[in-house]
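Visitor: Sequence first, predicted model second:
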Amino acid sequence: MSVEPEVPIVQVEEVRENPVLYKIISSDNHVFTISEHAVKLSKTLWDLITNLGLTAENALDNPIPVENVNGKNMETIVQFCERHKYDEEEPEYTNYIREFVLPEWDRQLLSIDNEELFQLILATNYLDIQKLMDYCCRVIGDMAKDKTPEELRIIYGIPTDAEDDALERSASDSPGPSG
Amino acid sequence: MHNIPKDLLKNNSNYLKSCILYEVLSEKPIFECYRHFRERNGENAMGYGDFEYYYYRFYNGDVDFEHERRMDTNEQTLTGLPLEILGMVTGYLQPEERVHLRLTSKKLKAIVDMEPITFRLIAVEWTPNVFYLQINENGCPQELAPVFESEHWKQAKGAYVNSTKIDSKSFPLFYNLRCFRVLVTSMEMNDFHYLIANVAQNPSFQAGMIKAVTVTYLEVVEPFPMESRVENDGSLTFRYPIPNSSHYLEVKMGNDGVFTIERI
């Protein structure tokens, strides 16, 4: 791979030490640098790096294209991973209700509208970043606190049963693929 | 009374944006802001999606009134997320919030019900007017809620009931549990016998403890064929064979009104 991006490189955070750096290209051709510790938080990216055999010597010459994630989401993701790269490992999850306090820095990072948040969740799921997934889900869950069902419908944009039925009817009425 | 034509204002995008900016500066939670915005400008002044969009733009310092939200028919909504992710999201909701989400639509009800929840603990306490229900570490007082009829009760692995309102007539509530600890005001031995016979047929049953303030020994309808022995402290220990099994229940009847049943 030797894709030379035409858009400027986005350096999200000054790195303190001299770690191995990787380049990631988002679907809209923004280029990000990310440190080795940070990129390890994404299981998908780290598997890719391992499988591609990228090393400290050749990492920056071989940008990794991520076609499912746009630049806006990737910027948030890189910021998150750099912030949390030295965190201690989380204890294993049980199927109990997950209770933890969302740190203020992360709450600020995730102060975005629902549409962006849902897009970020899809990107996070694709990149398999457990901690960010937890935090995003926590933010969505917190929206439900002390709300009535009708208020939840407004906040989450949930269609009523009648709207769901109408949508299904129109989908079944529309002509299907020929053949 | 002012003479400002509010309907005209509702169509003025800059006016609506300045209202949203005002709400952002109030530093109140977003939905509280939206409620206030609607009270001022009418229910149909702006949908939540648009309100939220401008709210967070302004919140993040992007105060540009010229900018208009791009109309996109493929707007991503919660119900548009893949089922697997929706299931994860509902895993972060407290039981009461899950109930509210279930009530929004049939589709959401099905999604919420897909994600099983297991509670570490359900504790119930009565006062004369109020039920105190504790699920895991979270407690909430409720008006005599039908907790015992809820699915949560039926799927609970264990229960700890410390109440001055129940007696041994309530024992059937515990037939299906894996373990329980119950305080009852009074206990009839017949009810205790039925409890033993029923938990013996519950394959998940492990252990139960009952503390009875008073115990009445009416005529036993159908005495069990149980081996018994008297312990050193004067308590009685019975062995009740579990039908079609090599296991048995060990039933201890203490002198202090404490009765234990344990699967051996």
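Guide: On my side now, so go ahead.
Visitor: What residue in chain A comes nearest to chain B?
Guide: Nearest to chain B in chain A, going by C-beta to the nearest C-beta, is A:G141, at a distance of 3.5 Å. Using the backbone N, CA and C atoms, a C-beta is placed for each residue, glycine as well.
Visitor: Mind pulling up the pLDDT for B:Q142?
Guide: What the model reports for B:Q142 is a pLDDT of 54.
Visitor: May I ask which helix or strand of chain A has the lowest mean pLDDT?
Guide: When the helices and strands of chain A are scored by mean pLDDT, DSSP states H and E, strand A:9-10 comes last with a mean of 58.
Visitor: Could you double-check that B:I20 lies in contact with B:F58?
Guide: Yes - counting by C-beta atoms under 8 Å, B:I20 touches B:F58, with 6.3 Å between them.
Visitor: With neighbour numbers in mind, choose between the two.
Guide: Counted by other C-beta atoms under 10 Å in any protein chain shown, B:I20 and B:F58 do not tie: B:I20 has more neighbours, with 23 against 20.
Visitor: mind listing what that one touches?
Guide: Applying C-beta atoms under 8 Å, 6 or more residues apart in numbering or on different chains, we find B:I20 in contact with B:C33, B:F37, B:F51, B:Y54, B:Y55, B:F58.
Visitor: can you rerun that using 10 Å?
Guide: Shown in contact with B:I20 (C-beta atoms under 10 Å, 6 or more residues apart in numbering or on different chains): B:33-34, B:37, B:46, B:50-59.
Visitor: Could you do B:E32 as well?
Guide: For B:E32, the contact set (C-beta under 10 Å, 6+ apart) comprises B:E23, B:S26.
Visitor: one step back: can you give the distance of whichever strand or helix holds the residue of chain A closest to chain B from its chain's centre?
Guide: Using DSSP states H and E, A:G141 falls within helix A:130-143. Remark: helix A:130-143 is offset 11 Å from the chain centroid, using C-alpha atoms, centre = their mean, to the nearest Å.
Visitor: quick one: contacts for B:S168?
Guide: B:182, B:184-192, B:194-195, B:210, B:212, B:215-216.
Visitor: Next one: it from chain A, what distance?
Guide: For B:S168, the distance to chain A equals 32 Å [C-beta to the nearest C-beta, to the nearest Å].
Visitor: Assess the claim that the residue of chain A closest to chain B and B:H100 are in contact.
Guide: No - A:G141 sits out of contact with B:H100 when judged by C-beta atoms under 10 Å, with a separation of 11.9 Å.
Visitor: Now for the two: what residues contact both?
Guide: Counting by C-beta under 10 Å, 6+ apart, the residues touching both A:G141 and B:H100 are B:L93, B:Q94.
Visitor: Please, where are all the helices along chain A?
Guide: All helices of chain A, identified by DSSP state H, fall at A:36-39, A:43-52, A:71-84, A:104-109, A:114-127, A:130-143, A:149-156, A:161-173.
Visitor: can you list those helices in JSON lines and add distance to B:K252 and mean pLDDT?
Guide: As requested, those are exported to JSON lines (distance: least, C-beta to C-beta, whole Å; pLDDT from 0 to 100):
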{"stretch": "helix A:36-39", "distance to B:K252": "57", "mean pLDDT": "95"}
{"stretch": "helix A:43-52", "distance to B:K252": "52", "mean pLDDT": "94"}
{"stretch": "helix A:71-84", "distance to B:K252": "53", "mean pLDDT": "96"}
{"stretch": "helix A:104-109", "distance to B:K252": "52", "mean pLDDT": "95"}
{"stretch": "helix A:114-127", "distance to B:K252": "53", "mean pLDDT": "94"}
{"stretch": "helix A:130-143", "distance to B:K252": "45", "mean pLDDT": "91"}
{"stretch": "helix A:149-156", "distance to B:K252": "48", "mean pLDDT": "92"}
{"stretch": "helix A:161-173", "distance to B:K252": "54", "mean pLDDT": "83"}
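Visitor: Redo the ones you listed as TSV? Include mean neighbour count.
Guide: Formatted as TSV, the helices of chain A follow (neighbours: other C-beta atoms under 10 Å in any protein chain shown):
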stretch	mean neighbour count
helix A:36-39	21
helix A:43-52	14
helix A:71-84	21
helix A:104-109	14
helix A:114-127	21
helix A:130-143	20
helix A:149-156	19
helix A:161-173	11
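Visitor: export these to CSV and tack on distance to B:I85?
Guide: As requested, those are exported to CSV (distance: least, C-beta to C-beta, whole Å):
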stretch, distance to B:I85
helix A:36-39, 22
helix A:43-52, 15
helix A:71-84, 15
helix A:104-109, 19
helix A:114-127, 6
helix A:130-143, 8
helix A:149-156, 13
helix A:161-173, 19
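Visitor: nearest to B:E68, of these?
Guide: Taking C-beta to C-beta, helix A:114-127 is the member of the helices of chain A nearest to B:E68, at 15.2 Å.
Visitor: How about the closest one and chain B, any contact?
Guide: Yes - residues of helix A:114-127 contacting chain B under C-beta under 10 Å from any C-beta of the partner chain: A:N114, A:E115, A:E116, A:L117, A:F118, A:Q119, A:L120, A:I121, A:L122, A:T124, A:N125.
Visitor: ok now that helix, how far from the chain's centre?
Guide: Distance, centroid of helix A:114-127 to centroid of chain: 5 Å (C-alpha atoms, centre = their mean).
Visitor: Chain B: strands as residue ranges?
Guide: B:122-126, B:131-135, B:138-142, B:158-162, B:179-188, B:207-216, B:227-230, B:236-241, B:248-253, B:258-263 (DSSP state E).
Visitor: center of the chain, which residue is that?
Guide: Since no chain was named, I'll use chain A. The C-alpha lying nearest the average C-alpha coordinate of chain A belongs to A:T124 (C-alpha atoms, centre = their mean; 2.7 Å).
Visitor: sorry, should have said chain B
Guide: Central residue of chain B (C-alpha atoms, centre = their mean): B:P95, 4.3 Å from the mean position.
Visitor: Quick check: it vs B:L81, distance?
Guide: If you measure B:P95 against B:L81 using C-beta to C-beta, to the nearest Å, the figure is 22 Å.
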